[in-house]
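**Student:** 3D model of this:
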Amino acid sequence: MASLVRMGVERSTAVAPISPREQDWAQRLPETIERGAKHLLSLQGPDGYWQGELEADSTLESDYIYYLFVLGKADPLRIAKLANYVRSKQLDDGGWSIYPGGPSELNATCKAYFALKLAGDDPNSSSLNAARETIHRLGGLENTNSYVRFYLALVGALGWELVPAIPPELMLLPNWFFINIYEMSSWTRGIVIPMAILSAIRPDWRLPERARVDELFKNPAHKAAAFDWSEKTISWKNFFLALDRAFKVYEKLPWKPFRQRALREAKRWVLEHIERTEGLAAIYPAMMNSIFALMAVGLGPDDPLTRREIQEFSRFEIEEANSIRLQPCVSPVWDTCIAMVSLEEAGVAADHPELVKAAEWILSKQILGTGDWQVKNKDGEPGGWAFEFRNDHYPDVDDTAFVLMALQRVKYPDEKRMEAAIRRGIQWLLSMQNRDGGWGAFDRDNDRRFICNIPFADHNAMIDPSTADVTARVLECLGRFGWSAGHTAVQRAVRFLLKDQCDDGSWFGRWGVNYVYGTSGVLRSLETVSLSAQDYCQRAVSWLKSVQKPDGSFGESLLSYHVESAKGRGNSTASQTAWGLIGLLAAAGPSDSASSKAAEFLVTQQNDDGSWSEADFTGTGFPCVFYLKYHLYRNSFPVYALARFHNQSRQAQEFCAFKFRPEEFRQRSGF
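**Tutor:** Presented below is the predicted three-dimensional model:
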């Protein structure tokens with residue numbers, strides 16, 4: 001690879017003076033960026049995209065063992081490899097955690113115990129004895145979430161009376177009704193609608209007798225603990241618990257006048273939503289549930305449609321010599337746009353063949369068809385991007401904003417095609433702004449918090465409201481394309497962000513860990529609309545400095561989602577240090593000592609091949625429930641952060657293919 005100068009970025013000759021202590025790492029900075037960019041380019045696939053592994057906890061492997069038994073495809077070798085992986089994650093106290101370094105967690109431990117029993121492990125073995133003791137210590141099977149109990153009931157290991165009612169009649173509620181399927185988040189719809197089919201049909205999929213788990217109840221006399229009334233008599237929780245009891249009575253009636261129509265609607269919805277995608281919602285739980293639902297309505301594992309879904313689902317497997325692990329989904333669009341932005345900042349020429357190839361691939365993934373988002377956004381026109389290879393019903397705001405920023409800095413040969421795609425993407429983003437001024441991930445105004453009290457809503461992600469990190473991504477995108485702080489859409493977004501700011505100056509990170517991620521993203525976005533000098537930004541910078549470690553690094557544990565005192569505290573990581581540096585650069589600049597210390601840490605921690613090492617999870621699925629490790633974060637974000645530090649220090653100019661006049665675009669309806 002050519003040097004940064006020869007890669008097409010002009011540099012100012014003015015260099016700020018540096019102290020002798022800084023001289024060594026500062027001299028290594030350009031080489032570090034170049035080596036990191038080379039490594040990142042080496043990871044690009046032949047079709048132009050990047051795709052890193054997306055790692056989660058052991059519940060995926062536990063569920064997959066269960067899934068293979070239900071399918072009747074429990075090949076002993078595959079089961080043994082999956083069980084090996086689950087066993088490898090058991091903690092010293094006998095439990096399983098939902099993130100590295102985390103404590104034993106009840107649901108993950110129950111799933112692992114059940115899966116290993118299915119795999120043939122002796123329940124009296126020392127490992128399962130320890131697991132059982134930990135389950136009792138954590139509250140017993142009666143206190144697991146509704147999905148654990150649902151899957152156990154589905155195979156006869158638990159009674160249906162211990163599972164929340166999920167009546168398919170939900171499909172018949174009109175969209176204007178205060179509860180309907182489109183008031184749920186997109187991922188919840190994909191998970192729950194197949195579950196409604198299964199809940200109504202209740203297929204006879206009994207597994208071997210060894211699969212019973214009665215021994216996991218801590219108090220067998222109180223198995224229905226999850227349905228205990230709230231102490232507050234008049235509450236949404238008690239309202240929905242009463243409704244659950246009513247539905248369970250209805251379930252026992254011999255005549256259900258709307259049941260068959262509801263099942264037809266649920267089946268139609270599932271069939272429609274597995275088209276134009278690589279599996280329902282392209283995420284693990286929805287895909288597994290859809291396969292079960294297809295089987296329940298008579299389309300067995302060898303039916304062409306079910307077989308196709310099974311094949312799509314199997315692509316999440318990563319098989320090694322002695323183990324199989326699963327990804328919860330794949331992230332090629334997300335990984336690609338982040339890698340592109342990092343390389344662009346690192347000085348790779350705007351017309352570099354690999355960037356042009358990546359842009360070509362990204363352009364081919366723009367979604368121009370219909371999707372669920374149109375239920376609440378009737379005047380918006382398609383133009384977004386999804387997270388995965390193909391998931392046409394669910395373009396998302398975060399991916400779309402990042403993609404647009406990546407495309408903006410590519411010198412693409414077909415300029416008209418590129419401009420048209422970018423215009424459609426920006427217009428779609430603007431149409432997705434919520435009433436409160438922020439943006440959610442997949443839907444507009446999906447914020448009816450009271451439905452989070454529904455008994456099957458205990459995955460902590462029933463709705464998709466505005467969040468600071470997604471709002472910041474859109475604001476950064478708009479600012480880069482020419483929107484100013486005075487524009488109405490920007491003003492609404494800033495008001496939302498100010499309302500969402502914590503008292504200490506930080507912002508919560510919904511999709512990344514956690515306050516370091518949220519604070520960094522907001523600061524970067526406010527920089528693009530020239531607001532970084534405002535007092536609320538300086539308060540945020542002060543917070544970042546307060547959690548920066550003496551060596552310049554940042555690290556924040558997933559414990560920060562559970563415990564307030566863990567904010568900004570945890571093992572140092574490359575990705576979080578990069579985020580911290582990005583935030584500092586946005587509102588303090590490269591000359592600030594905190595910025596220099598963060599940059600120095602990243603330079604000195606780079607591996608010889610241009611990569612960085614990182615063991616911790618720094619991605620978020622559902623806060624407090626499900627976490628992720630994006631394997632490319634540790635390489636992409638440090639390259640971007642260091643290159644940005646270098647560019648700001650030298651006042652480098654950057655290539656920008658497009659900027660627009662905001663008045664050329666429509667704002668969302670309803671404002």
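**Student:** got the residue ranges for the strands in the stretch 201-350 of the chain?
**Tutor:** Under the criterion DSSP state E, counting those that start in this stretch, the stretch 201-350 of the chain contains strands at 317-319, 324-326.
**Student:** Buried deepest among those strands, which one?
**Tutor:** Counting by mean count of other C-beta atoms under 10 Å, strand 324-326 has the highest mean neighbour count of these, with a mean of 22. All C-beta atoms are positioned from the backbone trio N, CA, C, and that covers glycine.
**Student:** Which strands or helices does that one pack on?
**Tutor:** When contacts are defined as 3 or more C-beta pairs under 8 Å, 6 or more residues apart in numbering; DSSP states H and E, strand 324-326 packs onto helix 59-71, helix 76-88, strand 317-319.
**Student:** CA-only coordinates of the longest helix seen in the chain, as PDB, when you get a sec.
**Tutor:** The helix that spans the most residues within the chain, counting by DSSP state H, is helix 20-42. Extracted as PDB, the C-alpha positions of helix 20-42 are listed here (Å, rounded to 0.1, in the frame of the first residue of the first chain):
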ATOM      1  CA  PRO A  20      10.000  14.600  23.900                       C
ATOM      2  CA  ARG A  21       7.800  12.100  25.800                       C
ATOM      3  CA  GLU A  22       5.200  12.100  23.000                       C
ATOM      4  CA  GLN A  23       7.700  12.100  20.200                       C
ATOM      5  CA  ASP A  24       8.200   8.300  19.900                       C
ATOM      6  CA  TRP A  25       4.500   7.300  19.600                       C
ATOM      7  CA  ALA A  26       3.700  10.500  17.600                       C
ATOM      8  CA  GLN A  27       6.400   9.500  15.100                       C
ATOM      9  CA  ARG A  28       4.900   6.000  14.900                       C
ATOM     10  CA  LEU A  29       1.300   7.400  14.400                       C
ATOM     11  CA  PRO A  30       1.300   7.500  10.500                       C
ATOM     12  CA  GLU A  31       2.800   4.100  10.300                       C
ATOM     13  CA  THR A  32       0.300   2.700  12.800                       C
ATOM     14  CA  ILE A  33      -2.600   4.100  10.800                       C
ATOM     15  CA  GLU A  34      -1.200   2.700   7.600                       C
ATOM     16  CA  ARG A  35      -0.600  -0.700   9.100                       C
ATOM     17  CA  GLY A  36      -4.100  -0.700  10.500                       C
ATOM     18  CA  ALA A  37      -5.600   0.300   7.200                       C
ATOM     19  CA  LYS A  38      -3.600  -2.500   5.400                       C
ATOM     20  CA  HIS A  39      -4.800  -5.000   7.900                       C
ATOM     21  CA  LEU A  40      -8.400  -3.800   7.400                       C
ATOM     22  CA  LEU A  41      -8.100  -4.000   3.600                       C
ATOM     23  CA  SER A  42      -6.800  -7.600   4.000                       C
END
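**Student:** what does stretch 116-132 rub up against?
**Tutor:** By C-beta atoms under 8 Å, 6 or more residues apart in numbering, the residues outside stretch 116-132 that reach it are 65-66, 69, 74, 79-80, 82-83, 86-87, 90, 93-96, 109, 112-113, 207-208, 210-211, 213, 215-216.
**Student:** In CSV: the helices and strands packed on strand 324-326, plus distance to Ser546 and mean pLDDT.
**Tutor:** Conversion of the helices and strands packed on strand 324-326 to CSV gives the following (distance: least, C-beta to C-beta, whole Å; pLDDT from 0 to 100):
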stretch, distance to Ser546, mean pLDDT
helix 59-71, 35, 97
helix 76-88, 37, 98
strand 317-319, 39, 98
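**Student:** deepest of those, which one?
**Tutor:** helix 59-71 (a mean of 23).
**Student:** Now do it and helix 76-88, the angle between them.
**Tutor:** With axes from the mean of the first three to the mean of the last three C-alpha atoms, to 10 degrees applied, the angle from helix 59-71 to helix 76-88 works out at 150 degrees.
**Student:** which helices and strands does helix 59-71 pack with?
**Tutor:** Using 3+ C-beta pairs under 8 Å, 6+ apart as the test, helix 59-71 ends up in contact with helix 76-88, helix 106-118, helix 146-154, helix 284-296, strand 324-326.
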